[in-house]
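# I need the structure of the sequence given here:
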Amino acid sequence: MNPSKNLRQSRILQIIKQNNIETQEELVTALKNFNMDVTQATVSRDIKELGILKVATGHGKQKYVPMSQSGEGASGRFMTIFNEAVISIESTYSFVIIKTLPGMAQAAAASLDSMHLEQIIGSIAGDDTIFAATRSEQDAIHLKAILLSISNIHSNQDI
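As a prediction, this is how the structure comes out:
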């Protein structure tokens with residue numbers, strides 16, 4: 001990682017730990033206060049690389065937090081396995097259905113378990129599919145949003 005990228009990503013972590021940052025645009029503005037002129041696209045890539053999540057703060061608001069602060073962290077190895085194995089994520093009622101490459105569901109499910117996501121009350125994996133059960137449809141929608149935010153795929157449906 002080049003020094004400027006390393007410094008920028010360190011500043012991003014510092015900013016989101018010290019402030020309630022709700023949008024990438026707010027983060028771009030905050031970085032400008034550190035004399036860092038970056039685009040929203042750069043910030044978006046940094047957010048993904050750093051494993052930063054957007055979590056609800058109440059009253060319909062959200063903020064960015066590091067995965068470790070949100071309680072939703074996972075080791076780098078598990079995140080790599082999850083990202084490389086998963087090909088789609090959908091939710092229905094109180095379930096999230098995660099499709100993987102053939103033979104990868106067990107490994108992806110182990111990665112999912114390592115994240116300790118409070119929305120998941122149980123999961124089961126077959127050869128290429130993981131069913132994750134949640135307490136409510138709202139939890140399933142939130143879980144899907146979290147998983148999409150940390151994965152390399154995009155949903156076909158609105159979250």
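# so where do the strands sit in this protein?
With strands called from DSSP state E, the chain shows them at 52-58, 61-66, 86-92, 95-100, 120-125, 129-134.
# Report the buried residues of the third one.
Neighbour-count burial for strand 86-92 flags 86, 89, 91 (criterion: 16 or more other CB atoms under 10 Å). (Glycine included, C-beta is placed from N, CA and C.)
# does residue 91 really touch residue 142, like I thought?
No. Residue 91 lies out of contact with residue 142 (CB atoms under 8 Å); the separation is 9.2 Å.
# Run a quick neighbour tally on the nearest residue to residue 50 once chain neighbours are set aside.
Beyond its immediate neighbours in the sequence, the residue positioned closest to residue 50 (CB to CB, 6 or more residues apart in numbering) is residue 9, lying 5.8 Å away. Look at residue 9: counted by other CB atoms under 10 Å, it has 17 neighbours.
# separation between residue 9 and residue 16?
Between residue 9 and residue 16 the distance is 11 Å, computed by CB to CB, to the nearest Å.
# what angle do the longest helix along the chain and strand 61-66 make?
Among the elements of type helix in the chain, defined by DSSP state H, the one spanning the most residues is helix 3-18. Taking axes from the mean of the first three to the mean of the last three CA atoms, to 10 degrees, one finds helix 3-18 and strand 61-66 inclined to each other by 130 degrees.
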